[in-house]
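>>> Everything below, folded, please.
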Amino acid sequence: MALIKSVLGKTPIFGQNCWLAETAVVIGDTTIGENCSIWYGAVIRGDVHAIKIGNNVNIQDNAVIHATYEKSPATIGDNVSIAHGAVVHGCTIHNNVLIGINAVVLDDAVIHSNSIIAAGAVVTKGTIVESGSVYAGSPAKKIKEISAELLEGEINRIANNYNLYASWYKE
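Got it, this is the predicted structure:
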């Protein structure tokens, strides 16, 4: 069973139909919406500030979600995939976003809807990612507009597939 821990009197809150892997860790002032999955080794640490996660979000293996003490909360919208090994720290991620494998999104960055942060990208503090764009590199820069194929074939496909994958573990 996942480690779910209260800190400073704050206990994580979960919406309906969520699945948490046995080695997932969810701590403190964390609110997770409906139809979410938190995978093996993922850590969502709401000990220093609030973490709010929308509906239909998957936090994949070894990803870390954290915030900055009394300064920068972490907010994640609906239909978001946080891929394996990604770090999301004290930032805002809007709806329909894919954060790629081992990507890093730092404090006060804003990732607008319908966007992709490529694998290995580093989105530096305070960066504003335009809606409908793909950012890559270190530091991350816009490399192209998102196509309908990327929106459907990557962002939506991955988010929906993770609901399917989680269902395999609920049996």
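
>>> if I've got this straight, Trp168 is in a helix?
Yes - counting by DSSP: H, G, I helix; E, B strand; the rest coil, Trp168 is part of a helix.

>>> Now do it against Ala24, distance only.
Distance, Trp168 to Ala24, using Cβ to Cβ, to the nearest Å: 16 Å. No exception for glycine: its C-beta is placed from N, CA and C like everyone else's.

>>> Please compute how far the helix or strand of the chain with the lowest mean pLDDT lies from its chain's middle.
None of the helices or strands of the chain scores lower by mean pLDDT, DSSP states H and E than helix 148-150, at a mean of 89. Offset of helix 148-150 from its chain centre (Cα atoms, centre = their mean, to the nearest Å): 20 Å.

>>> Not counting stretch 107-117 itself, show me its contacts.
68, 71-72, 77, 89-100, 103, 105, 123-136, 140, 146, 150-151, 154-155 (Cβ atoms under 8 Å, 6 or more residues apart in numbering).

>>> Return the subset of those lying in strands.
89, 92-93, 97-99, 105, 123, 128-129, 133-136 (DSSP state E).

>>> In CSV: the residues you listed, plus pLDDT.
Listed next are the ones in strands among the contacts of stretch 107-117 as CSV, based on pLDDT from 0 to 100:
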residue, pLDDT
His89, 98
Thr92, 98
Ile93, 98
Val97, 98
Leu98, 98
Ile99, 98
Val105, 99
Val123, 98
Ile128, 98
Val129, 98
Ser133, 97
Val134, 98
Tyr135, 98
Ala136, 98
